[in-house]
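In: fold the stuff below for me.
(one chain, ligands or ions: 2)
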Amino acid sequence: MTAGDRLRYTPGQLDRNAPFYVAGHQGLVGSAIWRKLEASGFRSVVGRTSRELDLKDRGRVFDFFHEVRPRYVVLAAAKVGGILANTTYPVDFLSDNMQIQVNVMDAARKVGVERLLFLGSSCIYPKFAEQPIREDSLLTGHLEPTNDAYAIAKIAGILHVQAVRRQYGLPWISAMPTNLYGPNDNFSPQGSHVLPALIRRYDDAARAGKSTVSNWGTGRPRREFMHSDDMADACLHLLEHYDGAAQVNVGTGSDITIREVAHAISAIVGYDGRTEWDVTKPDGTPQKLLDVSKLAETGWTSGISLEEGLERTVAWYRHHVTTVRT
Ligand SMILES: NC(=O)C1=CN([C@@H]2O[C@H](COP(=O)(O)OP(=O)(O)OC[C@H]3O[C@@H](n4cnc5c(N)ncnc54)[C@H](OP(=O)(O)O)[C@@H]3O)[C@@H](O)[C@H]2O)C=CC1
Ligand SMILES: C[C@H]1O[C@H](OP(=O)(O)OP(=O)(O)OC[C@H]2O[C@@H](n3cnc4c(=O)[nH]c(N)nc43)[C@H](O)[C@@H]2O)[C@@H](O)[C@@H](O)C1=O
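Out: Ligands and ions are numbered 1, 2, ... in the order given. The predicted model follows:
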């Protein structure tokens, strides 16, 4: 594919028989996308674990794309973690993510992948962006320092997609999800995001009859949480209905304090002890609520309430407690 070879994209159903590569298909988002594609009739969905194909290995990534020749790609493979992991390992979050996305997008461009969806994150926006955060607030202010390395890699990914559109005419797109949760999440006490951390902590405490649990920070920051099945639904919707250079925010449109979500989880698991707040741990950005009007204009809104999503995820966690990723 060279500059000037333009693929004509017509919004509508993707071909259910065409090879569809889900990068990161065993992760929180990738596994939800896999379930969604199978349920939607896709017959040729392809995935590789990082053991089978390390996406940092450029040569092997090119070999894979030449062999499989996917027509569609969702790039849901990334180095991902919560606030502490991002603060402790900034080099990994910058370097791994830059390598993964550059290799995948270069190889996908080389074989002429028709539709590619790059997943960024709501942390790409300035720390003190006006709320709810509109897509056009990108690069208008300083980033939140606890995840600036990760955010810079994700911003480079958005630019990469836009550059491919401009130079090669491929109708690739980017989506910026809010904080996500659901089955196959990372439940590592130190490395995970807040929601899996709280589910594990409160469930462990309820089982052990503990009188106190300690959460991080002040509990005052506000976050918007979305179930990964909603996210997967939005991804397929965008691939079938959106073709623009600007990234699209993906969220539910409402947020909640960490204190409130901790209370909700403790009630679901039946924990009746005390909750303390360890203010030596970082709060991160004070509020991250996405403006989802652009997504709504494409015809998609979130369908899973936080209450239902938490119930489902706690049930999943309890069923998989001995095998969850930590
Ligand atoms: N979770 C969240 O709250 C949010 C996530 N996102 C974005 O969504 C996407 C998916 O995140 P999520 O599902 O949560 O992350 P997970 O950690 O659950 O999954 C990431 C996946 O990436 C794969 N992966 C990581 N490194 C490599 C590598 N070197 N080679 C091949 N595969 C690799 C892993 O494969 P394996 O299991 O085989 O090692 C894993 O399945 C990411 O781009 C993330 O930035 C955006 C906003 C919020
Ligand atoms: C999705 C997004 O996720 C990260 O940003 P974040 O939203 O700040 O992520 P978080 O889920 O880790 O924390 C949210 C809030 O919750 C509080 N908190 C309480 N108790 C625990 C706890 O036990 N663990 C964690 N992790 N946080 C806790 C914590 O102190 C903070 O105030 C980015 O680095 C980046 O990866 C990114 O894009």
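In: where in the stretch 1-150 of the chain is pLDDT low?
Out: For the stretch 1-150 of the chain, the stretches with pLDDT under 70 are 1-9.
In: strands along that one, start to end?
Out: In the stretch 1-150 of the chain, the segments counted as strands under DSSP state E, counting those that start in this stretch are 20-23, 45-46, 72-75, 115-119.
In: what of the stretch 151-300 of the chain?
Out: Here the stretch 151-300 of the chain has its strands, by DSSP E, counting those that start in this stretch, at 173-177, 179-181, 212-216, 222-223, 225-227, 248-250, 256-257, 274-278, 287-288.
In: tabulate the strands of the stretch 1-150 of the chain (CSV), appending mean neighbour count and distance to ligand 2.
Out: Where you see a C-beta, it was placed from the backbone N, CA and C, and this is true even at glycine. Putting the strands of the stretch 1-150 of the chain into CSV (neighbours: other CB atoms under 10 Å; distance: least, CB to the nearest ligand atom, whole Å) gives the following:
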stretch, mean neighbour count, distance to ligand 2
strand 20-23, 26, 18
strand 45-46, 16, 25
strand 72-75, 26, 15
strand 115-119, 24, 10
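In: the residue in the chain that ligand 1 sits nearest to and residue 200, how far apart?
Out: Closest to ligand 1 within the chain is residue 27: 2.0 Å, counting by CB to the nearest ligand atom. From residue 27 across to residue 200, the span is 17 Å (CB to CB, to the nearest Å).
In: ok, now residue 99?
Out: 30 Å.
In: neighbour count: those two, which is higher?
Out: residue 200 (21 against 18; other CB atoms under 10 Å).
In: tell me the confidence at the more buried one?
Out: Residue 200 carries a pLDDT value of 98.
In: which one of the strands of the stretch 1-150 of the chain lies nearest to residue 251?
Out: Checking those against residue 251 by CB to CB gives strand 115-119 as the closest, at 13.1 Å.
In: which outside residues touch that closest one?
Out: With CB atoms under 8 Å, 6 or more residues apart in numbering as the test, strand 115-119 has contacts from 9, 14, 29, 71-76, 78, 101, 105, 108, 157-158, 160-161, 170-177, 235, 238-239.
In: still on that earlier bit, output the strands of the stretch 1-150 of the chain as a markdown table; include the columns distance to residue 258.
Out: What follows is the strands of the stretch 1-150 of the chain, written out as a markdown table (distance: least, CB to CB, whole Å):
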| stretch | distance to residue 258 |
| --- | --- |
| strand 20-23 | 30 |
| strand 45-46 | 36 |
| strand 72-75 | 29 |
| strand 115-119 | 23 |
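In: so which of those is nearest residue 55?
Out: Between residue 55 and these, the shortest gap by CB to CB is with strand 20-23, which sits at 6.6 Å.
In: so which residues make contact with stretch 146-154?
Out: When contacts are defined by CB under 8 Å, 6+ apart, stretch 146-154 is touched by residues 79, 83, 86-87, 90-91, 93-94, 97-98, 101, 120-121, 123-124, 143-144, 176, 282, 284-285.
In: alpha carbons of that stretch, as PDB, please.
Out: Provided in PDB are the C-alpha atoms of stretch 146-154 (Å, rounded to 0.1, in the frame of the first residue of the first chain):
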ATOM      1  CA  THR A 146       1.200   9.600  37.700                       C
ATOM      2  CA  ASN A 147       0.500   8.400  34.200                       C
ATOM      3  CA  ASP A 148       2.200  10.900  31.800                       C
ATOM      4  CA  ALA A 149       4.500   8.300  30.200                       C
ATOM      5  CA  TYR A 150       1.600   6.000  29.400                       C
ATOM      6  CA  ALA A 151      -0.400   9.000  28.200                       C
ATOM      7  CA  ILE A 152       2.300  10.200  25.900                       C
ATOM      8  CA  ALA A 153       2.500   6.700  24.300                       C
ATOM      9  CA  LYS A 154      -1.300   6.700  23.800                       C
END
